[in-house]
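>>> below is the sequence, then the predicted model.
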Amino acid sequence: MRRLLTHLAQFSSFSRQGEVLCTRGLEYLLENEDARAAFTSHILSVSGISLDRDLVWRAEPRQEDRDRPDLEGCDAVGRPQVKVEAKLAAPLGEAQLRSYAGDLHSRTGGGLLLVVVPQSRVGEASSVASKAFATDRTTCEVAVVTWESTLDCFEVVTSESFGADLSQFRAMYRVLVGHDIEPIATEADVLAWRERESVFVAYIDRATRRLALESKVLPFGFDSKEMAYYRRYVCRPLGWPRRSCFCVGMRDPFVGFSTPVWFRFHFETPYFTEIRDRLRAAGPDLRIVESDGHVWIPLDVPLCAEAGVVVDSLVEQTEFVLQIASASRTAS
């Protein structure tokens, strides 16, 4: 049976606040005494840091430098012992982490900076945290944990009402990170994509993370010169001496198409002329649109398909284009 928050999380007006909702949800769960104990035990297991189980947890407190960590755990006299930076799909910045560590250092002389991310972003978050403090000394400890393990740690709480809240939170979270998404059922649903824009963002997020291979995942960006296009760039070698870049994103369809998901080679990417000529020569095997100097390719969204199937399809369609564009492919 569908849960209310699972359903609402499909819609853009709800999911655009996904990170705030998860942060506030965690703050709410930590009002429970047993949940606080479970969370501090979890922190000990991943960081080796032992904390007071009666810390007071507050969401988005303002620091002296005006930055706001997502969550902060303070002792009885109001000194922060833990700062939490929690992410879903948004970029994780080194400057943010240094700000929070600096505040811990100046106010308590130590403490713990906890970075909470989806399982798929652990490697990325660990790399960002390592780079953030590669040259800057800090007296606080830094640990990266997953949302999945954090939610799991609360399963020991026996309260029935808490269990119901945790179940709703977990269901909402899974939708926000691209799992348990209600399938796009009809062409009408595709045409009304703005109503469930966040679902398409989740598909593209998961697909581009796979397409990036071992490369760093770039943040989403917004192009509005020709028509609003919300996209993520991926750069990888395509057999040319230098890497070329492409992007996958959402926009209003070109005339004659219905899908809002589009692949694009920007005219400024390395080897664009050679890539464009290869794509043109593909003939009916490839539907291309040339607009504003760029080359665009529509990516179809399978109907009535689970999220994993949709992501697989987007990856396969994109890899097909990349094979045609690759310098290692025999030119037609």
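Sure, I can see it. Residues are numbered from 1 along each chain as shown.
>>> so who does Ala212 touch?
By CB atoms under 8 Å, 6 or more residues apart in numbering, Ala212 lies in contact with Val234, Arg236. Heads up, the C-betas are built off the backbone N, CA and C, glycines and all.
>>> one more pass at 10 Å, please.
Glu124, Leu218, Arg232, Tyr233, Val234, Cys235, Arg236 (CB atoms under 10 Å, 6 or more residues apart in numbering).
>>> what's the pLDDT at it?
pLDDT, Ala212: 90.
>>> rewinding a little: cross the contacts of Ala212 against helices and list the overlap.
Glu124 (DSSP state H).
>>> excluding chain neighbours, what is closest to the residue positioned nearest the centre of the chain?
Closest residue to the average C-alpha location of the chain: Ala89 at 1.6 Å, with CA atoms, centre = their mean. Nearest residue to Ala89 in three dimensions, chain neighbours excluded: Asp205, at 5.2 Å (CB to CB, 6 or more residues apart in numbering).
>>> and the one you found, how many residues sit next to it?
Asp205: 21 surrounding residues under other CB atoms under 10 Å.
>>> same deal with the one 10 residues further on?
Summarising burial for Ser215: neighbours were counted as other CB under 10 Å, giving 13.
>>> how about low-confidence regions in the chain?
1-16, 136-138, 225-227, 328-332 (pLDDT under 70).
>>> give me the domain ranges for it.
The chain breaks down by automatic domain parsing into domains covering 4-174, 187-325.
>>> got those domains as CSV, with distance to Asp180 columns?
What follows is these, written out as CSV (distance: least, CB to CB, whole Å):
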stretch, distance to Asp180
domain 4-174, 4
domain 187-325, 7
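>>> circling back: doesn't Gly18 make contact with the residue nearest to Ala89?
No: shown here, Asp205 and Gly18 do not form a contact pair, counting by CB atoms under 10 Å, at 11.5 Å.
>>> now the common contact residues for those two.
Jointly contacting Asp205 and Gly18 under the rule CB under 10 Å, 6+ apart are Leu88, Ala89, Val177, Ser198.
>>> now intersect those with the helices, please.
Of the positions in these, Ser198 sit in helices, assigned by DSSP H.
>>> make a markdown table out of the shared contacts of Asp205 and Gly18 and add distance to Val289.
Formatted as a markdown table, these follow (distance: CB to CB, whole Å):
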| residue | distance to Val289 |
| --- | --- |
| Leu88 | 32 |
| Ala89 | 27 |
| Val177 | 31 |
| Ser198 | 25 |
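>>> which members of the shared contacts of Asp205 and Gly18 occur in strands, if any?
Using DSSP state E, no member of those falls within strands.
>>> any quick ChimeraX command for the buried ones out of the shared contacts of Asp205 and Gly18?
In ChimeraX syntax, the buried subset of the shared contacts of Asp205 and Gly18 is picked out as below (16 or more other CB atoms under 10 Å):
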select :88,89,177,198
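>>> ok, so of the shared contacts of Asp205 and Gly18, who is nearest Thr259?
Closest approach to Thr259 among those (CB to CB): Ser198, at 16.8 Å.
>>> now that closest one: how far from Gly178?
Distance, Ser198 to Gly178, using CB to CB, to the nearest Å: 10 Å.
>>> need the overlap of contacts for those two.
Shared contacts of Ser198 and Gly178, counting by CB under 10 Å, 6+ apart, come down to Ala89, Asp205.
>>> for the stretch 51-200 of the chain, just list every one of the strands.
Ranges of strands within the stretch 51-200 of the chain are 56-59, 71-74, 80-86, 112-117, 141-146, based on DSSP state E, counting those that start in this stretch.
>>> now render the ones you listed as a markdown table, adding distance to Phe257 and mean neighbour count.
Formatted as a markdown table, these follow (distance: least, CB to CB, whole Å; neighbours: other CB atoms under 10 Å):
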| stretch | distance to Phe257 | mean neighbour count |
| --- | --- | --- |
| strand 56-59 | 42 | 18 |
| strand 71-74 | 43 | 22 |
| strand 80-86 | 37 | 24 |
| strand 112-117 | 35 | 25 |
| strand 141-146 | 38 | 19 |
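>>> tell me the spacing between Leu112 and Leu88.
21 Å.
>>> next one: Leu114
With CB to CB as the criterion, Leu114 and Leu88 are 16 Å apart.
>>> go ahead and confirm Asp65 touches Ser99.
Yes: using CB under 10 Å, Asp65 is in contact with Ser99, at 5.9 Å.
>>> Glu290: which element?
Using DSSP states H and E, Glu290 sits within strand 289-291.
>>> which elements pack onto that strand?
strand 261-265, helix 272-281, strand 294-298 (3 or more CB pairs under 10 Å, 6 or more residues apart in numbering; DSSP states H and E).
>>> now for the longest one, which elements pack on it?
Using 3+ CB pairs under 10 Å, 6+ apart as the contact criterion, the elements in contact with helix 272-281 are strand 244-251, strand 261-265, strand 289-291, strand 294-298, helix 307-325.
>>> so which of these gets nearest Ala164?
Ala164 sits nearest to helix 307-325 of all the helices and strands packed on helix 272-281, at 24.8 Å, using CB to CB.
>>> in the closest one, what's buried?
For helix 307-325, the neighbour count (16+ other CB under 10 Å) marks 307, 310-315, 317-318, 321-322, 324-325 as buried.
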